[in-house]
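K.L.:
Next come a sequence and a model predicted from it.
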Amino acid sequence: MKNIVLVGFMGTGKTRIAKMLSERLNMDYVSTDDLVEEKEKTPISEIFSKKGEDYFRRAEKYAVKKASLMENIVLDTGGGVVIDPENVENLKKNGVVICLWAEPEIILERTKRYAHRPLLNVDSPLGKIKELLAIREPFYKRAGYHIDTSKMSAEQVADEIERIAGRCT
């Protein structure tokens, strides 16, 4: 089976579902954010605040290259990974790329408890979510498959991803 690569905005369920799928399918769970933090020995929120988003995106690109060489993984990517076309190209080489989507209000509800979301530490998080979704939507469309998680349980999303991945072996 090809790798399963989950892309999409924060709060769409990528991490939870990737971990669920890795257990169900006996595949390794890998997170590009974890790979960045391991290499940098610093939390992502600190990388953003001390070194900036450009530095983070370069570190993330390295993590994507590394992950795209792995086999038998479910990959949980950062929300902005799709902005770089080379990242998407690398992810598609050995993986089925599936974009998880959700309505802005659902994303806000799912993410408001987490202070580690550096892009949402603003006065109007819902406005920022809408702005970023509008900017990123064309990039998310590059994924081979799309699932709106707004009204689905994690189990339902995982079931759908298994169906998709099964067709792409």
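P.N.:
Good, I have the coordinates.

K.L.:
Where does pLDDT dip in the chain?
P.N.:
Across the chain, residues meeting the criterion (pLDDT under 70) sit at 114-121, 169.

K.L.:
Now do the helices in it.
P.N.:
Shown for the chain, the helices assigned by DSSP state H span residues 14-25, 32-40, 44-51, 53-68, 85-93, 104-111, 125-140, 154-167.

K.L.:
mind listing what the spatially most central residue of the chain touches?
P.N.:
Residue closest to the mean C-alpha point of the chain, counted by Cα atoms, centre = their mean, is Thr77 at 3.2 Å. When contacts are counted by Cβ atoms under 8 Å, 6 or more residues apart in numbering, Thr77 is found next to Val5, Leu6, Val7, Lys14, Ser31, Thr32, Val64, Leu91. Using the backbone N, CA and C atoms, a C-beta is placed for each residue, glycine as well.

K.L.:
cutoff 10 Å now
P.N.:
Thr77 makes contact with 5-8, 14-15, 18, 30-33, 60, 63-64, 67, 87-88, 91, 97, according to Cβ atoms under 10 Å, 6 or more residues apart in numbering.

K.L.:
which of the residues in stretch 84-93 are buried?
P.N.:
Neighbour counts using 16 or more other Cβ atoms under 10 Å place Asp84, Asn87, Val88, Asn90, Leu91, Lys92 of stretch 84-93 among the buried residues.

K.L.:
Could you give the separation of it from the chain centroid?
P.N.:
Centroid separation for stretch 84-93 versus its chain: 13 Å, with Cα atoms, centre = their mean, to the nearest Å.

K.L.:
what residues does that stretch touch?
P.N.:
By Cβ under 10 Å, 6+ apart, stretch 84-93 touches 2-3, 5-7, 32, 57-58, 60-61, 63-69, 75, 77-78, 80-82, 97, 139-140, 142-144.
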